[in-house]
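*Asks:* sequence-free structure coming up:
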């Protein structure tokens, strides 16, 4: 990956690779989930436990191969002596619960000692090859580095996903050697050992797309595109219009109701939920947001925000965590809101910052208004009532309350509470210094324009 971060914590649609794998396993309800970590263990462990808090994390101090990793994992779980163990790599984010369930069912039906998930690869280079005996049964798996020309030509490959009988696996792991090109203990050598012991070894063939591992950023991008397309296909078939599916990224936990339209260039991530008949985009990112029915959100960045039914948001709007927009509210162009509630039918149309505030219903916040919420040490709240009209370029210096139906004059700095129904004026009285330009800027284009105007008036 050419990265300081461990491979399995690289994200696809907002989730680490390893979390996609763990999520695929979860519906199988395993008795215990164990993750073997080595390089970058702190980051990997954090990603694993964030998804599966009960998982057992086993540290492989020296990376001596997949067989060695499996052995130390079982050594850490001496209580598991019978039953089956499902083994996966943490870098296969496209694997599905359905495929894993079918693999386990095939293993149980055959009463097998080993079941290998295989696939037919368009380009098998880099994968372990499945070598079959004359009767079609699996004989062994040969890694790329150990494959001769004939074996390298085989297109059936090992996915790195297996089901083992635990007792048989423990026995065969004890006899693994390192006589191979990598000088490592190969988990794949267990297959040949099981065959030699006369045990049942079967293959279950799945989709190569699902079992694709990630080894570089090209494959990471390809896997992300595959996952995007699968999710988009499901969403569109459920009644959502995606104008440009190729530029639309929807996370696996997002929910979008029918008759919603997603314009090009959108990201709908986390646990975002969008109600029916909303229009999202273009160029909008929603993370862990709630969008009400019929809302229109365009060219907006929003995180952990609630956007009510019928709201009009954007363009170029930033809704930070804690923003709640009531029914039919508006947050217009170049507006930033955080930790604030905007009441039903209220508007913040343009060029304003609202922070740590409660705004009532049917209130209008004039252009270039700033809720001055931070004094350099602490944040303070502002309360604006119902039916208020805040004049353009007003500074509301918190903590302050503007009562129901009050007005503030444009350009005011409001530092004291405004009673209901009052007009607050917080600015110096204007005075005009006559002929100042003619005296101080004589000969300038402004002075010339002033002279012409005075001549026309006279």
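*Replies:* That came in fine, so what should we check first? All figures in this text were calculated on a predicted structure; none of them were measured in a lab.
*Asks:* mind listing the helices for the stretch 301-450 of the chain?
*Replies:* 436-440, 445-457 (DSSP state H, counting those that start in this stretch).
*Asks:* residues in contact with the closest residue to residue 326 other than its chain neighbours?
*Replies:* Spatial nearest neighbour of residue 326, chain neighbours left out: residue 344 (3.9 Å); criterion: C-beta to C-beta, 6 or more residues apart in numbering. Every C-beta, even on glycine, is put in place using the N, C-alpha and C of the backbone. Residues counted as contacts of residue 344 (C-beta atoms under 8 Å, 6 or more residues apart in numbering) are 308, 326, 327, 328, 329, 361, 362.
*Asks:* Most neighbours among these, please name it.
*Replies:* Of all the contacts of residue 344, the highest neighbour tally under other C-beta atoms under 10 Å goes to residue 329, namely 27 neighbours.
*Asks:* I figured it hits residue 342, correct?
*Replies:* Yes: counting by C-beta atoms under 8 Å, residue 329 touches residue 342, with 4.8 Å between them.
*Asks:* Model confidence for residue 156, exactly?
*Replies:* Among the per-residue scores, residue 156 shows a pLDDT of 95.
*Asks:* Burial check on it, number of neighbours?
*Replies:* Residue 156: 18 surrounding residues under other C-beta under 10 Å.
*Asks:* How much space separates the nearest residue to it once chain neighbours are set aside from residue 311?
*Replies:* Leaving aside its chain neighbours, residue 156 sits nearest to residue 130 (4.2 Å; criterion: C-beta to C-beta, 6+ apart). Taking C-beta to C-beta, to the nearest Å as the measure, residue 130 falls 56 Å from residue 311.
*Asks:* Of the helices of the stretch 301-450 of the chain, flag the one that's most buried.
*Replies:* Highest mean neighbour count of the helices of the stretch 301-450 of the chain: helix 436-440, a mean of 13 (counted as mean count of other C-beta atoms under 10 Å).
*Asks:* how does the protein divide into domains?
*Replies:* 7-211, 228-424, 433-458 (automatic domain parsing).
*Asks:* for those domains, which one sits closest to residue 220?
*Replies:* domain 7-211 (5.9 Å; C-beta to C-beta).
*Asks:* rewinding a little: can the domains of the chain go into JSON lines with extra columns for distance to residue 217?
*Replies:* Output for those, formatted as JSON lines (distance: least, C-beta to C-beta, whole Å):
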{"stretch": "domain 7-211", "distance to residue 217": "8"}
{"stretch": "domain 228-424", "distance to residue 217": "16"}
{"stretch": "domain 433-458", "distance to residue 217": "57"}
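*Asks:* between the ones you listed, which one is nearest to residue 222?
*Replies:* So among the domains of the chain, domain 7-211 is nearest, using C-beta to C-beta, at 9.6 Å.
*Asks:* ok now the closest one, how far from the chain's centre?
*Replies:* 27 Å (C-alpha atoms, centre = their mean, to the nearest Å).
*Asks:* quick one, what contacts residue 67?
*Replies:* 173, 176, 184, 185, 186, 187, 188, 189, 190.
*Asks:* same thing but 10 Å
*Replies:* For residue 67, the contact set (C-beta atoms under 10 Å, 6 or more residues apart in numbering) comprises 172, 173, 176, 177, 178, 184, 185, 186, 187, 188, 189, 190.
*Asks:* Give me the secondary structure label for it.
*Replies:* Per DSSP: H, G, I helix; E, B strand; the rest coil, the local secondary structure of residue 67 is helix.
*Asks:* try the one 10 residues further on
*Replies:* Reducing the assignment at residue 77 to three states with three-state DSSP gives coil.
*Asks:* Number the residues from 33 up from this point.
*Replies:* Happy to do that; since the first residue is 33 now, the last one works out to residue 109.
*Asks:* my read: it touches residue 103, true?
*Replies:* No: using C-beta atoms under 10 Å, residue 109 is not in contact with residue 103, being 11.3 Å away.
*Asks:* Quick check on the two: which one has the bigger neighbour count.
*Replies:* Comparing residue 109 with residue 103 by other C-beta under 10 Å, the one with more neighbours is residue 103, at 21 against 15.
*Asks:* which residue sits closest to that one, ignoring its sequence neighbours?
*Replies:* Nearest non-adjacent residue to residue 103 (C-beta to C-beta, 6+ apart): residue 205, at 4.6 Å.
*Asks:* And residue 379, by the same measure?
*Replies:* In space, residue 379 is closest to residue 362, 4.1 Å off (C-beta to C-beta, 6+ apart).
*Asks:* Look up how far residue 377 lies from the one you found.
*Replies:* Distance from residue 362 to residue 377, by C-beta to C-beta: 9 Å.
*Asks:* which neighbours do the two share?
*Replies:* Common neighbours of residue 362 and residue 377 (criterion: C-beta under 10 Å, 6+ apart): 342, 396.
*Asks:* Who has more neighbours out of those two?
*Replies:* residue 362 (22 against 19).
*Asks:* which residues does the more buried one form a beta bridge with?
*Replies:* residue 344, residue 379 (DSSP bridges).
*Asks:* which of the residues in the helix or strand harbouring residue 148 are buried?
*Replies:* In this assignment (DSSP states H and E), residue 148 forms part of strand 146-152. In terms of neighbour count (16 or more other C-beta atoms under 10 Å), strand 146-152 has its buried residues at 146, 147, 148, 149, 150, 151.
*Asks:* Can you tell me which of these is closest to residue 367?
*Replies:* Looking across the buried residues of strand 146-152 and measuring by C-beta to C-beta, the closest to residue 367 is residue 151, at 50.5 Å.
*Asks:* hang on, isn't the closest one packed against residue 245?
*Replies:* No: using C-beta under 10 Å, residue 151 makes no contact with residue 245, being 11.3 Å away.
*Asks:* which residues do those two both contact?
*Replies:* 159, 191.
*Asks:* Point out where the stretch 283-432 of the chain drops to low pLDDT.
*Replies:* Along the stretch 283-432 of the chain, no part satisfies pLDDT under 70.
*Asks:* separation between the closest residue in space to residue 131 that isn't next to it in sequence and residue 55?
*Replies:* Leaving aside its chain neighbours, residue 131 sits nearest to residue 238 (5.0 Å; criterion: C-beta to C-beta, 6+ apart). Counting by C-beta to C-beta, the separation of residue 238 from residue 55 is 17 Å.
*Asks:* can you count the residues close to the residue nearest to residue 95 when sequence neighbours are not counted?
*Replies:* Of all residues not flanking residue 95 in the chain, residue 70 sits nearest, at 4.9 Å (C-beta to C-beta, 6+ apart). For residue 70, the count of nearby residues is 15 (other C-beta under 10 Å).
*Asks:* How about the one 5 residues further on?
*Replies:* Counted with other C-beta under 10 Å, the burial measure for residue 75 works out to 16 neighbours.
*Asks:* ditto for residue 224
*Replies:* By other C-beta under 10 Å, neighbour count at residue 224 equals 18.
*Asks:* hang on, it packs against residue 172?
*Replies:* Yes: using C-beta under 10 Å, residue 224 is in contact with residue 172, at 3.9 Å.
*Asks:* joint contacts of the two?
*Replies:* Joint contacts of residue 224 and residue 172 (C-beta under 10 Å, 6+ apart) are 163, 233.
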